[in-house]
Structures are given as C-alpha cells and as structure tokens.
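1. Sequence below, structure please.
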Amino acid sequence: MLKKIIAAVLLLSLITIAIVQAVDNEPNNNKKQDALGGLKIGAKAPNFSLKTLDGKQVELTDYKGKKVMLNFWATWCPPCKKEMPDMERYTKQAGDDAVVLAVNIDPENDVQSFVKENGITFTIPLDSNSAKNPVNERYKVLSIPTTYFIDKEGKIRYKVVSAMQHKDMERYMNSMQ
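-> Numbers count the residues shown, from 1 in each chain. Here you go, the predicted model:
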C-alpha cells in the first residue's frame, strides 16, 4: 500500500512538472534569450561611435533603416573565430537592407592581421575596455561572442550568447522586418 502511495505521488509530481513546463514554454525564444543577461529584447539599441580598422568613424545610427547583426568578439576567442567564416558568408549574400558590424573588444591585439588572414570584409569597429565608456559595457556583454540582432527601427529583436552558424544568422535576420 505504501509503495502505491509513493508511486502515485511521484507520478503526480512528474505530471505537474510537465504541465508547468508546457504552460511556461513560449513558441518563440525571446523569453529564453532575455534571461541571458545584457540588454532586453525590445529595447532600443544604444547608439555608439567607434573607429573601424580603416580609421573611419561608424555609428549605429548610420544604419537606420537596415537590419543590423551586431557581434562582439575578440581575436583570442575560439568560438568567435569559428563563427567568422559564417559571418563572412552571410555578409556576401545579405541584401542592401542588412549589415554585419563585428565589434572587436581587444584592439590591443593584432586585429588587422587576423582580419587579413581570415579574409574578412565586413565592418570591424574597435572597442576597448580602456575607453571611457566601452560599447561592450553599454550592451552589457558578459561573454563573447555575443550578437544582438537590431531591426530597421533600431530595436533589439534577438540576442545570442554563443557562436552561431550561417543558418542561425539567416534565420534571425530574415525574421526581422
């Protein structure tokens, strides 16, 4: 009799857990992404002004009306290095309404050589933790790579805190208006 009671309680507990998870599960993953830390989905992306490798000044507002994949990375980061070829591939196929900005957070290292060796053609703004107000701190980047997907109105629609593959980049960028 005691075994049947214990089995019934265990079964009821498992059913309760399954129901709670099913009710809490949203069809899109914005809720999960928002739990990753950093800026919230739906927030206005903070503007910034950084120099690129070729010395040009670039601001996020320069790309108003375009979809932006804003990636934070470093030359010493293995997952960052792994996703770079897919970012390059995406850049080459992206239309005129999409742009990749890969903000490097360690410009003290030889970013130019890294870019040349890997055949990277997308824009690389240079951020630094020694700057007065680093962009990666404004975006609350806790680990790299971190990528924010910003819609044409400048709102954050998705964020990914890990390396991505080409198919992920396409999916997030294509799902934004």
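2. Who does Lys155 form a beta bridge with?
-> Beta-bridge partners for Lys155, by DSSP bridges, are Lys44.
3. so who does it touch?
-> Residues near Lys155 by C-beta atoms under 8 Å, 6 or more residues apart in numbering: 42-45. Yep, even glycine has a C-beta here, placed from its N, CA and C like the rest.
4. hmm, which of those residues are the buried ones?
-> Ala45 (16 or more other C-beta atoms under 10 Å).
5. Can you tell me which of the contacts of Lys155 is nearest Val160?
-> The closest of the contacts of Lys155 to Val160 turns out to be Ala45 (C-beta to C-beta; 14.7 Å).
6. quick one on the thing from earlier: turn the contacts of Lys155 into TSV, including pLDDT.
-> Compiled in TSV, the contacts of Lys155 are given as follows (pLDDT from 0 to 100):
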residue	pLDDT
Gly42	94
Ala43	94
Lys44	96
Ala45	96
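7. So for the protein, which residue is the most central one in space?
-> Thr147 (1.5 Å; C-alpha atoms, centre = their mean).
8. Looks like it contacts Val160 (just checking).
-> Yes - shown here, Thr147 and Val160 form a contact pair, counting by C-beta atoms under 8 Å, at 4.8 Å.
9. In space, what's closest to Asp110 - neighbours in sequence excluded?
-> Thr75 (7.2 Å; C-beta to C-beta, 6 or more residues apart in numbering).
10. Quick check: next helix or strand after the worst-scoring helix or strand of the chain on mean pLDDT?
-> One helix or strand of the chain scores below all others by mean pLDDT, DSSP states H and E: helix 30-34, with a mean of 49. Per DSSP states H and E, helix 30-34 leads on to strand 49-51 as the next helix or strand towards the C-terminus.
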